[in-house]
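Novice: prediction below, plus the sequence it came from.
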Amino acid sequence: MNRPPRRATLTIALCFIVALIEGFDLQSAGTAAAGLRQTFTLDPKMMGWVFSAGIIGLLPGAFFGGWIADRIGRKKILVAAVLLFGVFSLGTAYVEQYSTLLLVRFMTGLGLGAALPNLIALCAEAVGEQRRGTAISVMYAGVPLGGALAAVVAMTFGEHWQMTFLIGGLAPLLVVPMMVLWLPESSAFKQVRDAGGEVRGSVGQALFGEGRGLTTLGLWLSYFFTLTVMYMLLNWLPSLLLEQGFSKPQAGLVQMLFNIGGTLGSLVGGLLLDRCNGSKVVVFVYAGLLSALAGVGVSVGIVPMAIAGFAAGLFVMAAQLVLYALAPPSYPTVVRATGVGAAVAIGRLGSVAGPLAAGQILAAGGGTTAVLLATSPGLVIATVAILGVIRRSTGSRLAGSGAVAGSS
């Protein structure tokens, strides 16, 4: 299906802006962790719950955001999601009690979760099959870049941690009018609606019907274990570096390089998926991630740690891009946002477990090496699971570069 280039470019550009803000807000709690810890007198376990409250909100947000979008449209849900996480990110700067802090972080996560499956679906449906990985990667590059901006803001304003949440709340509220005016609804979604297509049957049939069961389970496993590592790094990397004896400015530098590496990894990952063998890309990316984590665990100087942090960001974001590019072509247009949203939601269980487990390991006296070692078996499982998804794909559908199964 050919779509107007200008329409596709506009969709990807606006989705990139939203992803940029989403990346900023996803890492805001991590970059402001020192200020939050001091203001609310938080121990490591309590800090883990602050991180996880937002991530827990991502789970129902992703599932219901995708499910409702398949019924009323991707654009409407995306606009509502951006409004939601903007308002509650802004509210984070003004809370005074620990319980209220957990609530606003949960609500922020709810909006962030609902946004992501619709960003993926809109970009996947805006371009032709051969450019899907590249389109999603360009959009998703905004997430680590936004995280890098969050690190810069945290370093710039120092102890004034509230500025991170003020910026993270005002930016989405300013973008909403642009989305309402200029973001086009998915052409594929509208064509299915105009042709009388609608969601039929249960969610189970949408996810497991027509031979999609093993593919859905493979996506869920890979999302779960990859998100465990990703969110552990997003939230705990600065604290892990401080635990290893690095200074706050050094930790901030490594966190910034982690996100810059992630931006590059997202872009390179999409290009590789559109041009290379999907199985080889998966093996390369996950092997690189395991090596980078080992580097973070054993590096003692700032230069090798900076290199390891950059590599960890590059490979973990490339792994995420692989998953986000493989999910959309696994489902027909009429249930695509539901399928993507469910995969993201199941993966959030892993992203909740990551920060919580890291907090528990550190509280029990374990160090950075113990935290990183605990993640390695899961990455091996994720690799095997996503390779299974690719091998069940046929011919030109490898790595999401072929025909959309059952799409319009």
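Specialist: Arrived safely.
Novice: rest of the way, CA atoms for contacts and neighbours
Specialist: OK.
Novice: backbone dihedrals for Y94, please?
Specialist: Torsion angles at Y94 (phi, psi; degrees, to the nearest 10) stand at phi -120, psi 0.
Novice: which non-adjacent residue is nearest it?
Specialist: Sequence neighbours aside, Q162 is the residue nearest to Y94 in space, at 7.8 Å (criterion: Cα to Cα, 6 or more residues apart in numbering).
Novice: show me where pLDDT drops low in the protein?
Specialist: The chain contains residues with pLDDT under 70 at 1-4, 196-201, 393-408.
Novice: pull the longest helix from it.
Specialist: Secondary structure of the chain per DSSP state H: the longest helix is helix 213-243.
Novice: buried sites along it?
Specialist: Buried residues in helix 213-243, counted by 16 or more other Cα atoms under 10 Å: 215-242.
Novice: how far does that helix sit from its chain's centre?
Specialist: 10 Å (Cα atoms, centre = their mean, to the nearest Å).
Novice: which strands and helices lie in contact with that helix?
Specialist: Where contact means 3 or more Cα pairs under 8 Å, 6 or more residues apart in numbering; DSSP states H and E, helix 213-243 is packed against helix 5-31, helix 203-208, helix 248-275, helix 302-326, helix 336-363, helix 368-392.
Novice: as JSON lines, those helices with mean neighbour count would be great.
Specialist: Output for the helices and strands packed on helix 213-243, formatted as JSON lines (neighbours: other Cα atoms under 10 Å):
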{"stretch": "helix 5-31", "mean neighbour count": "24"}
{"stretch": "helix 203-208", "mean neighbour count": "16"}
{"stretch": "helix 248-275", "mean neighbour count": "24"}
{"stretch": "helix 302-326", "mean neighbour count": "25"}
{"stretch": "helix 336-363", "mean neighbour count": "25"}
{"stretch": "helix 368-392", "mean neighbour count": "18"}
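Novice: nearest to G142, of those?
Specialist: Judged by Cα to Cα, the one of these that comes nearest to G142 is helix 5-31, at 4.0 Å.
Novice: tilt between the closest one and helix 248-275?
Specialist: 150 degrees (axes from the mean of the first three to the mean of the last three Cα atoms, to 10 degrees).
Novice: next structured bit after helix 5-31?
Specialist: Toward the C-terminus, helix 5-31 is succeeded by helix 33-40 as the next helix or strand (DSSP states H and E).
Novice: and that following helix, which residues are buried?
Specialist: A33, A34, G35, L36.
Novice: packing partners of whichever helix or strand comes after that helix?
Specialist: Moving toward the C-terminus from helix 33-40, the next helix or strand (DSSP H and E) is helix 44-72. With contacts defined as 3+ Cα pairs under 8 Å, 6+ apart, helix 44-72 has these neighbours: helix 5-31, helix 74-92, helix 98-126, helix 336-363.
Novice: can you redo the ones you listed as a markdown table with distance to A62?
Specialist: Output for these, formatted as a markdown table (distance: least, Cα to Cα, whole Å):
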| stretch | distance to A62 |
| --- | --- |
| helix 5-31 | 13 |
| helix 74-92 | 10 |
| helix 98-126 | 4 |
| helix 336-363 | 5 |
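Novice: from L58, how far out is A343?
Specialist: 12 Å (Cα to Cα, to the nearest Å).
Novice: thinking again about what came up before, what's the angle from the longest helix of the chain to helix 5-31?
Specialist: Using the same axes, to 10 degrees: helix 213-243 against helix 5-31 is 50 degrees.
Novice: so helix 213-243 versus helix 368-392, what angle?
Specialist: Going by the same axes, to 10 degrees, helix 213-243 makes 160 degrees with helix 368-392.
Novice: what is the burial count for Q162?
Specialist: 21 (other Cα atoms under 10 Å).
Novice: which of the buried residues of helix 33-40 lies closest to A370?
Specialist: Closest to A370, out of all of the buried residues of helix 33-40 and judged by Cα to Cα, is A33, at 21.2 Å.
Novice: excluding chain neighbours, what is closest to the closest one?
Specialist: M47 (7.8 Å).
Novice: that neighbour against T39, yeah?
Specialist: No. The pair M47 / T39 is not scored as a contact, 11.7 Å apart, by Cα atoms under 8 Å.
Novice: now do the shared contacts for those two.
Specialist: Counting by Cα atoms under 8 Å, 6 or more residues apart in numbering, M47 and T39 have no shared contacts at all.
Novice: contacting residues for S222?
Specialist: Counted by Cα under 8 Å, 6+ apart, S222 has contacts L323, G347, I381, A382, T383, A385, I386.
Novice: excluding chain neighbours, what is closest to it?
Specialist: A382 (4.0 Å).
Novice: for L240, same thing?
Specialist: In space, L240 is closest to T368, 5.8 Å off (Cα to Cα, 6+ apart).
Novice: roughly how far does that neighbour sit from P238?
Specialist: 11 Å.
Novice: same deal with F225?
Specialist: Distance from F225 to P238, by Cα to Cα: 21 Å.
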